[in-house]
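Dropping the sequence and predicted coords here.
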Amino acid sequence: MSEIRNLVVDLAAVRDAAQPPRGIELASPAAADERTLAWIDDTFGGWWSSEAYAGESIVALRDGAPVGFATIDPKGLQFSWLRGLAREPGVGIFGPFGVAPEERNLGVGRALLARALTALRERGYARALIPAVGDDRLVHYYRECADATVAERFERTGLLKSAPRTLILASGNGGNFQAVLDAARSGKLPLEIVGLISNNRRAYAIERARAGGVPACVVDWDRQAESRAEYDARLLDAARSQSPSLVLLLGWMHLLAEPFVCAFPEMLNLHPAFLPLDPRRDAVALPDGTQTAAFRGPRAVRDALAASSNWVGATLHRVTAQTDRGPVMARKPLRVEPGEDEDHLMERVHAIEHRLVVAGITRWLYESRP
């Protein structure tokens, strides 16, 4: 559906919170714990965990494990649909909101919705905004459960930044480059892909670029003939020559120098690990309540297997001067199968990366200011 809608609820008319079904506990509004945030990523995908991280959540628990959540009052979000009614006095934001598939149609969602709207009213808000609803069935659901009405309508294409010049850096097979190129060519991602740079002459990504009509160049480094500083300067010149608005690192195996990072503030990196939303942390919680190291660096999957981690994953994040510690755009955990070797696991990681990179870039497009 090309149209999305912002719904509004008159909180004065909200009925008292409904009781949850038997066996379900609704926690009070609070910052979601890391296990719940990981469960959100595992269950729903996309970037909802980042939105939940920006607010407080009411979590539905069964036997101590999350089975649903409703976020209220997130702060600092930059989505384009939050530039109108969302900024008016007395308006509180509801969502994201989700219930595990096996718990749907049992009353968990209605209880979460009512409890969240009541909490917004108790905080002094007069109206609740339910943003970015695209499904007609959800519009009907909110109308039936909360007397929500449509307040704002948007065409998706009007919310997305128009075709930013996009440069891709890749060192290997180029599967994620292909996923982005296919999404751009199909119209799913409004990107103008202006070029590919590789530091590996044998990278199959180069062949993919040529087959797709994308200009490709190799900027490799002969360590015997050129210093690191000289190579980094040459790489920066090659990237600047494309005048990109967005730089994507998709399997790029060279640590970028600080001048390069500073030259392209809109730069995203796809990393094959499930990274914490708090970039200061060196461990990350997982959907089953366990923790593992935040595997940063060039051999994340191999490091995870060496540490006998039961989970790996993928994360698209903004690039900063601190390696693999930029703000998360989207992430997805992946459970390791018993006895799985690195090659098989990497195939499954790549499969989720292809979807994740499109989701994370879409978020970037929605957050970019015109």
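Perfect, I can see it now.

which ones are touching Leu256?
Counting by CB atoms under 8 Å, 6 or more residues apart in numbering, Leu256 makes contact with 232, 235, 249, 319. For glycine as for every other residue, the C-beta is placed from the backbone atoms N, C-alpha and C.

Touching, the third one and Leu268? I think so.
Right, the one you point to is Leu249. Yes - between Leu249 and Leu268 there is a contact at 7.0 Å, judged by CB atoms under 8 Å.

Spit out the residues that contact those two alike.
Joint contacts of Leu249 and Leu268 (CB under 8 Å, 6+ apart) are Val319.

circling back: could you save the contacts of Leu256 as JSON lines and add columns showing secondary structure?
Below are those laid out as JSON lines (DSSP: H, G, I helix; E, B strand; the rest coil):
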{"residue": "Asp232", "secondary structure": "helix"}
{"residue": "Leu235", "secondary structure": "helix"}
{"residue": "Leu249", "secondary structure": "strand"}
{"residue": "Val319", "secondary structure": "coil"}
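
Quickly name whichever of the residues you listed is closest to Gly187.
Leu249 (23.8 Å; CB to CB).

which element is the closest residue to that closest one other than its chain neighbours on?
Nearest residue to Leu249, sequence neighbours excluded (CB to CB, 6 or more residues apart in numbering): Asn269, at 4.1 Å. Secondary-structure element containing Asn269, defined by DSSP states H and E: strand 267-271.

can you tell me the average pLDDT over that strand?
Mean pLDDT, strand 267-271: 98.

returning to what we had before: what's the closest of the contacts of Leu256 to Leu345?
So of the contacts of Leu256, ranked by how close each gets to Leu345 (CB to CB), first place is Leu249, at 21.3 Å.

Let me know the distance separating that closest one from Arg331.
16 Å (CB to CB, to the nearest Å).

swap in Leu167?
Leu167 sits at a distance of 23 Å from Arg331 (criterion: CB to CB).

And those two? Which one has more around it.
Between Leu167 and Arg331, counted using other CB atoms under 10 Å, Arg331 has the larger neighbour count: 30 against 23.

Need the residues that contact the helix or strand hosting the more buried one.
Assigning secondary structure by DSSP H and E places Arg331 in strand 328-335. For strand 328-335, the surrounding residues in contact (CB under 8 Å, 6+ apart) are 38, 41-42, 45-47, 49-50, 268, 274-275, 277, 279, 286-287, 310-318, 348-349, 352, 355-356, 359-361, 363-364.

now those: which count as buried?
38, 41-42, 45-47, 49-50, 268, 274-275, 277, 279, 286-287, 311-318, 348-349, 352, 355-356, 359-361, 363-364 (16 or more other CB atoms under 10 Å).

Next step: those residues restricted to strands.
268, 311-318 (DSSP state E).

that older thread, list the pairing partners of the strand holding Asn269 within its sheet, with orientation.
strand 246-250 (parallel), strand 311-318 (antiparallel) (DSSP bridges).

okay if I get those as TSV plus mean pLDDT and distance to Leu117?
Below are the strands paired with strand 267-271 laid out as TSV (pLDDT from 0 to 100; distance: least, CB to CB, whole Å):
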stretch	mean pLDDT	distance to Leu117
strand 246-250	98	38
strand 311-318	97	32
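
re earlier: for the residue nearest to Leu249, which residues are in contact?
248-249, 252, 316-319, 324, 326.

Would you reformat these as CSV and include distance to Pro29?
Converted to CSV, the contacts of Asn269 look like this (distance: CB to CB, whole Å):
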residue, distance to Pro29
Leu248, 37
Leu249, 37
Trp252, 40
Leu316, 29
His317, 27
Arg318, 28
Val319, 33
Asp324, 32
Gly326, 28
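
and of those, the nearest to Asp135?
Scanning these for proximity to Asp135, where the rule is CB to CB, the winner is Leu316, at 24.5 Å.

how close does that closest one get to Arg87?
28 Å.

repeat for Ala27
29 Å.

Give me the more crowded residue out of those two.
Ala27 (16 against 9).

mind listing what the more buried one touches?
Taking CB under 8 Å, 6+ apart, one finds 58-61 in contact with Ala27.

Using JSON lines, lay out those together with pLDDT.
Output for the contacts of Ala27, formatted as JSON lines (pLDDT from 0 to 100):
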{"residue": "Ile58", "pLDDT": "98"}
{"residue": "Val59", "pLDDT": "98"}
{"residue": "Ala60", "pLDDT": "98"}
{"residue": "Leu61", "pLDDT": "97"}
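
now, which of those residues lie within strands?
When DSSP E is applied, those are split such that 58-61 fall in strands.

Relative to Thr71, which of the residues you listed is nearest.
Set against Thr71, the nearest of the ones in strands among the contacts of Ala27 by CB to CB is Ile58 (8.1 Å).

what's across from the closest one in the sheet?
Ala70.

tell me, how many neighbours does it end up with?
If we define neighbours as other CB under 10 Å, then Ile58 has 24 of them.
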